[in-house]
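Enquirer: I would like the atomic coordinates for the input below:
(one chain, ligands or ions: 2)
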Amino acid sequence: MDLGVGRAQRRHIGHSQSSEFYVVAAWLAASGGVVYPSRTGLTSALQRAASLESHPMHLRHLAALVLLCLAQRTLAALPPVPVPAENPITEPKRVLGKMLFWEEQLSTNSTIACGTCHRPAFGGADPRAGRNPGTDKGTIDDVRGSPGIVFLDHAGKPQPHPVYGSDPQVTSRLAPSNFGALWAAQVFWDGRAGPVVKDPVSGEIAIAHGGALENQVLAALANSGEMAKTGRTWAELVADVSKARPLALATGLPLDVAAAIAAAPTYSKLFAAAFGDSAITPMRIAFAIATYERTLVADQTAWDRYDAGDTTALPGRAAAGWRAMQAFHCTACHTPPLFTNNEFFQIGLRRVDFDRGRENVTHDPKDAGDMKVPSLRNVALRSRFMHTGEFTNLGSAIRFYQNSIPLPERDDIPGFGIYAFNVSQVDEADIREFLTAGLTDPRVRDEVFPFDRPKLRSEREVTTPVGSQ
Ligand code: HEC
Ligand code: HEC
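Expert: Ligands and ions are numbered 1, 2, ... in the order given. Prediction:
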């Protein structure tokens with residue numbers, strides 16, 4: 001499957017998805033969520049859904065889908081989310097993925113969930129910022145990253161870390177939003193999580209195309225700075241999940257999660273509901289979490305309404321900001337409707353020696369220092385900006401393009417040559433208004449379905465507990 005987002009490709013993706021996908025889409029829509037299949041996709045879904053066994057659930061979902069078709073005059077501008085053939089979206093898998101994403105017991109010492117570092121109200125990123133000192137502390141190569149797990153040895157016992165002591169270790173780049181990643185063929189700032197996924201236990205290819213999100217999950221679970229003790233084996237991860245009571249540490253469970261746990265109170269039962277049998281495997285954990293992520297489509301912004309033909313959707317200053325972003329060719333990289341082209345560029349933030357970025361993956365010197373263009377959807381909710389986390393407000397991230405000293409490594413704007421932005425104060429304020437009023441999905445900001453979530457133990461406690469369980 002091609003992961004590009006051209007119109008022809010979108011149609012192709014729409015057709016290749018399973019009917020279950022549309023059942024989920026209908027379910028999401030019926031619950032106030034989003035709809036992302038294309039018009040042609042909907043027609044074929046209706047045809048396929050009609051040929052399903054007349055299971056009452058399916059009929060109910062079908063009815064919701066039909067109502068939706070009638071009610072929706074325009075469909076979302078975003079392309080349908082590409083779904084790998086090996087991991088179709090189903091409702092039991094989505095809800096299991098939601099639990100696992102917010103499950104602190106996925107980390108060796110039960111202190112860190114995926115959601116610790118990726119929170120909707122902060123644009124899918126992390127409101128906390130720790131200092132990663134680079135090669136030496138207090139110098140220009142320091143980065144503001146995300147605090148992860150304290151350093152644990154092979155036995156899972158906390159040990160003093162040479163840099164962080166008994167404090168949580170800090171990632172060497174700031175957490176990007178997990179929402180923009182749904183359409184990308186490669187994820188992470190340097191794109192090191194690629195499309196082909198190998199089952200870490202069997203070594204067999206589990207996903208042939210389009211599995212960047214699954215690869216990313218496996219990487220985070222094994223990372224001894226983010227979620228794992230030193231050298232955690234996959235068997236140990238499975239043991240950690242098997243003995244956990246689902247979301248036992250969290251409070252305020254979302255309705256869909258609470259209902260699923262009431263129906264199937266153990267992870268074995270939840271995996272059986274999602275996969276047909278109760279085996280808990282790292283690959284299935286990755287399948288479930290990636291499925292959940294693929295349903296987090298943040299497409300209810302003022303810009304989406306504007307793009308669908310509602311010329312009043314962008315208030316005055318925001319409309320001026322939108323014009324400015326196009327005039328300054330910001331959109332050559334932050335390309336609508338995703339507000340990223342999912343390519344890699346060095347915008348001259350740092351000397352490449354501090355972080356070689358994409359070059360680490362491609363080994364091509366032309367890619368030195370290149371980072372994946374972040375989507376600007378919900379960017380205004382972030383509390384820090386860029387892979388270095390060096391800007392604490394949106395205005396300074398925008399002004400960077402105007403004021404920064406052009407480093408020799410800086411790439412040109414694709415198709416438009418060197419940077420010559422000449423962004424005035426008015427432009428900056430307008431762009432800020434556009435990014436805030438135009439590109440924020442209120443469901444993300446307010447953490448309502450499908451972006452709702454439980455409260456984590458670490459959010460309730462003043463200090464994060466340390467020590468293995
Ligand atoms: C300790 C904080 C932390 C935890 C825990 C964590 N992440 Fe991340 N996440 C990051 C950082 C930092 C990056 C960027 C790393 C890089 O690019 O080198 C990232 C990158 C990502 C990306 C790629 C986004 C993109 O557009 O490239 C996704 C998706 C993601 N994380 C999802 C998850 C999931 C799912 C989990 C749980 C299995 C998880 N994260 C756990 C900090 C964290
Ligand atoms: C050449 C491609 C390119 C162009 C043109 C471009 N950007 Fe970016 N933008 C990037 C990349 C790459 C990053 C991430 C850089 C990093 O962290 O090293 C980024 C980051 C950002 C961020 C921070 C996002 C976050 O999540 O931290 C904002 C805000 C932003 N750009 C706005 C703009 C605006 C406004 C313009 C036009 C004035 C613009 N960009 C032009 C590539 C581009």
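Enquirer: show me the residue at the heart of this structure, geometrically.
Expert: Residue closest to the mean C-alpha point of the chain, counted by C-alpha atoms, centre = their mean, is Asn178 at 1.4 Å.
Enquirer: enumerate every residue touching that one.
Expert: Listed by C-beta atoms under 8 Å, 6 or more residues apart in numbering, the contact set of Asn178 reads Cys114, His118, Gly124, Glu293, Leu296. All C-beta atoms are positioned from the backbone trio N, CA, C, and that covers glycine.
Enquirer: those residues also near ligand 1: which ones?
Expert: Subset of the contacts of Asn178 in contact with ligand 1: Cys114, His118, counting by C-beta under 6 Å from any ligand atom.
Enquirer: could you dump the contacts of Asn178 into a markdown table and include pLDDT and neighbour count?
Expert: What follows is the contacts of Asn178, written out as a markdown table (pLDDT from 0 to 100; neighbours: other C-beta atoms under 10 Å):
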| residue | pLDDT | neighbour count |
| --- | --- | --- |
| Cys114 | 96 | 25 |
| His118 | 95 | 24 |
| Gly124 | 93 | 28 |
| Glu293 | 97 | 25 |
| Leu296 | 96 | 25 |
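Enquirer: among the contacts of Asn178, which pair sits farthest apart?
Expert: Pairwise distances across the contacts of Asn178 peak at 11.8 Å for Cys114 and Leu296 (criterion: C-beta to C-beta).
Enquirer: re earlier: output the contacts of Asn178 as CSV; include the columns distance to Leu247.
Expert: As requested, these are exported to CSV (distance: C-beta to C-beta, whole Å):
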residue, distance to Leu247
Cys114, 13
His118, 16
Gly124, 20
Glu293, 18
Leu296, 18
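Enquirer: looking at the contacts of Asn178, spot the one nearest ligand 2.
Expert: Lowest distance from ligand 2 to the contacts of Asn178 (C-beta to the nearest ligand atom) belongs to Gly124, with 9.4 Å.
Enquirer: any idea how far that closest one lies from Asn132?
Expert: Remark: distance between Gly124 and Asn132 (C-beta to C-beta, to the nearest Å) = 20 Å.
Enquirer: quick one: low-confidence parts of the stretch 251-400 of the chain?
Expert: For the stretch 251-400 of the chain, no stretch has pLDDT under 70.
Enquirer: up against ligand 2, what does it have?
Expert: Residues of the stretch 251-400 of the chain lying near ligand 2 (C-beta under 6 Å from any ligand atom): 325, 328-330, 332-334, 345, 347, 349, 371, 373-374, 379, 382, 385-387, 397-398.
Enquirer: and those residues near ligand 1, which?
Expert: Of those, not one also sits near ligand 1 (C-beta under 6 Å from any ligand atom).
Enquirer: which of those fall in helices?
Expert: The helices, defined by DSSP state H, take in Met325, Ala397, Ile398 from those.
Enquirer: between those, which has the most around it?
Expert: Ile398 (26 neighbours; other C-beta atoms under 10 Å).
Enquirer: break down the protein into its strands, ranges please.
Expert: 130-132, 143-145, 197-198, 205-207, 344-345, 371-372 (DSSP state E).
Enquirer: how about the stretch 301-450 of the chain: which residue is closest to ligand 1?
Expert: For the stretch 301-450 of the chain, C-beta to the nearest ligand atom, closest residue to ligand 1: Lys372, 5.5 Å.
Enquirer: that residue is in contact with Ala193, isn't it?
Expert: No - between Lys372 and Ala193 there is no contact under C-beta atoms under 8 Å: 10.6 Å.
Enquirer: shared neighbours of the two, which are they?
Expert: Joint contacts of Lys372 and Ala193 (C-beta under 8 Å, 6+ apart) are Gln186, Val187.
Enquirer: tell me, how many residues neighbour the closest residue to Ser107 other than its chain neighbours?
Expert: Leaving aside its sequence neighbours, Ser107 sits nearest to Met227 (C-beta to C-beta, 6 or more residues apart in numbering; 4.1 Å). By the criterion of other C-beta under 10 Å, Met227 has 25 neighbours.
Enquirer: tell me how far Arg144 lies from ligand 2.
Expert: 11 Å (C-beta to the nearest ligand atom, to the nearest Å).
Enquirer: no wait, Asn422
Expert: Taking C-beta to the nearest ligand atom, one finds Asn422 at 10 Å from ligand 2.
Enquirer: report pLDDT for that residue.
Expert: On pLDDT, Asn422 comes in at 77.
Enquirer: so what's the nearest residue to it once chain neighbours are set aside up against?
Expert: In space, and not counting its chain neighbours, Asn422 is closest to Gln402: 7.1 Å by C-beta to C-beta, 6+ apart. Applying C-beta under 8 Å, 6+ apart, we find Gln402 in contact with Phe421, Asn422, Val423, Glu428.
Enquirer: check Asn342 too.
Expert: With C-beta under 8 Å, 6+ apart, Asn342 has these contacts: Trp183, Ala184, Ala185, Gln186, Lys372, Val373.
Enquirer: might one say that Pro450 is in contact with Leu296?
Expert: Yes - applying C-beta under 8 Å, one finds Pro450 in contact with Leu296, separated by 6.0 Å.
Enquirer: measure Cys330 to Ile431 for me?
Expert: Distance from Cys330 to Ile431, by C-beta to C-beta: 8 Å.
Enquirer: actually Glu293, sorry about that
Expert: Relative to Ile431, and taking C-beta to C-beta, Glu293 is found at 28 Å.
Enquirer: hang on, the earlier thing: burial count for the residue of the stretch 301-450 of the chain closest to ligand 1?
Expert: With other C-beta under 10 Å as criterion, Lys372 counts 24.
Enquirer: contacts only, for Leu349.
Expert: Neighbours of Leu349 in contact, by C-beta under 8 Å, 6+ apart: Met386, His387, Thr388, Glu390, Phe400, Ser404.
Enquirer: for the closest residue to the fourth one other than its chain neighbours, list each beta-bridge partner.
Expert: Closest residue in space to Glu390, ignoring its immediate chain neighbours: Arg144 at 6.5 Å, by C-beta to C-beta, 6+ apart. Beta-bridge partners recorded for Arg144 (DSSP bridges): Arg131.
Enquirer: quick check, pLDDT for Arg144.
Expert: Looking at Arg144, the pLDDT reads 87.
Enquirer: and if you look at the one 5 residues further on?
Expert: At Ile149 the predicted local confidence, pLDDT, stands at 89.
Enquirer: quick check: the gap between Arg356 and ligand 2.
Expert: 12 Å.
Enquirer: dump the residue contacts of that residue.
Expert: Ala368, Gly369.
Enquirer: check whether stretch 236-255 contacts ligand 1.
Expert: No - using C-beta under 6 Å from any ligand atom, stretch 236-255 never reaches ligand 1; the gap is at least 10.6 Å.
Enquirer: in that stretch, what counts as buried?
Expert: Leu237, Val238, Asp240, Val241, Ala244, Pro246, Leu247, Leu249, Ala250, Leu253, Pro254 (16 or more other C-beta atoms under 10 Å).
Enquirer: contact residues of the stretch 301-450 of the chain facing ligand 1?
Expert: Counting by C-beta under 6 Å from any ligand atom, the stretch 301-450 of the chain sits next to ligand 1 at Lys372.
Enquirer: my read is that Ala288 contacts Ile89, right?
Expert: No - with contact defined as C-beta under 8 Å, Ala288 does not reach Ile89; the gap is 10.6 Å.
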